[in-house]
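**Student:** model the following, please.
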Amino acid sequence: MSGVVGIAARSALTALFLLLLLVASAMAEVSYAKERVRLITASGRTHDLTVELAVDPSQREQGLMYRRQMAPDHGMLFDFGETRPVMMWMKNTYLPLDMLFIASDGTIRTIHENAVPHSEAIIDSREPVAYVLELNAGTVKRLGVSPGDRLEGAGLPATKRAN
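**Tutor:** Now for the predicted structure:
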């Protein structure tokens with residue numbers, strides 16, 4: 001009988017090991033291309049940022065989850081490939097974030113400041129948008145960014161045509 005139990009135990013351990021391997025590979029860090037963008041305020045002030053581009057479903061799904069820090073002049077630009085209502089959340093996100101919801105022409109339409117880490121509350125764009133730019137919380141206030149300001153650079157249609 002102990003031989004059968006031993007085989008069953010080894011099979012269970014093997015299955016557990018394979019499951020852990022699958023989970024680990026699913027949680028493997030997704031890689032992102034980096035680009036420079038420029039925020040232009042209504043007053044004409046400009047702020048250059050380095051952003052990681054989340055353009056495919058796996059990149060958008062992972063976003064900034066599990067990150068513990070981000071440089072002050074960095075962010076993540078989510079490109080949805082179409083204009084539509086967007087809903088975000090902060091599950092598994094350690095960093096408090098400011099979210100800029102951006103139209104296809106680069107105009108900032110709505111802003112959500114200080115998104116709470118680990119919250120499962122839905123953060124709604126409140127209108128159809130093409131992009132979301134996530135920045136460290138406090139950046140919107142520090143740079144004086146408001147709805148109507150513009151984003152130029154990577155991923156925006158004008159940039160794609162220019163290249």
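**Student:** what helix or strand is Gly141 on?
**Tutor:** Careful, residue 141 is Lys and not Gly. If you go by DSSP states H and E, Lys141 is part of helix 139-143.
**Student:** what sits up against that helix?
**Tutor:** With C-beta atoms under 8 Å, 6 or more residues apart in numbering as the contact definition, helix 139-143 has outside contacts at 39, 41, 45, 47, 72, 75, 98, 100, 111, 113, 145. (Each C-beta comes from the backbone N, C-alpha and C, glycine too.)
**Student:** ditto for stretch 116-123
**Tutor:** The contact list for stretch 116-123, computed with C-beta under 8 Å, 6+ apart, reads 87-96, 99, 112, 115.
**Student:** rewinding a little: please pick the buried ones from the contacts of helix 139-143.
**Tutor:** 39, 41, 47, 75, 98, 100, 111, 113, 145 (16 or more other C-beta atoms under 10 Å).
**Student:** remind me what the longest strand anywhere in the chain packs against, helices and strands.
**Tutor:** In the chain, taking DSSP state E as the definition, the longest strand is strand 74-84. Under the contact definition 3 or more C-beta pairs under 8 Å, 6 or more residues apart in numbering; DSSP states H and E, strand 74-84 sits against strand 46-54, strand 129-136.
**Student:** spatially central residue for the protein, please.
**Tutor:** Nearest to the mean C-alpha position of the chain, by C-alpha atoms, centre = their mean, lies Gly63 at 3.3 Å.
**Student:** backbone dihedrals for the closest residue to Glu127 other than its chain neighbours, both of them.
**Tutor:** Spatial nearest neighbour of Glu127, chain neighbours left out: Arg109 (5.8 Å); criterion: C-beta to C-beta, 6 or more residues apart in numbering. Note on Arg109: its backbone torsions stand at phi -90, psi -50 [degrees, to the nearest 10].
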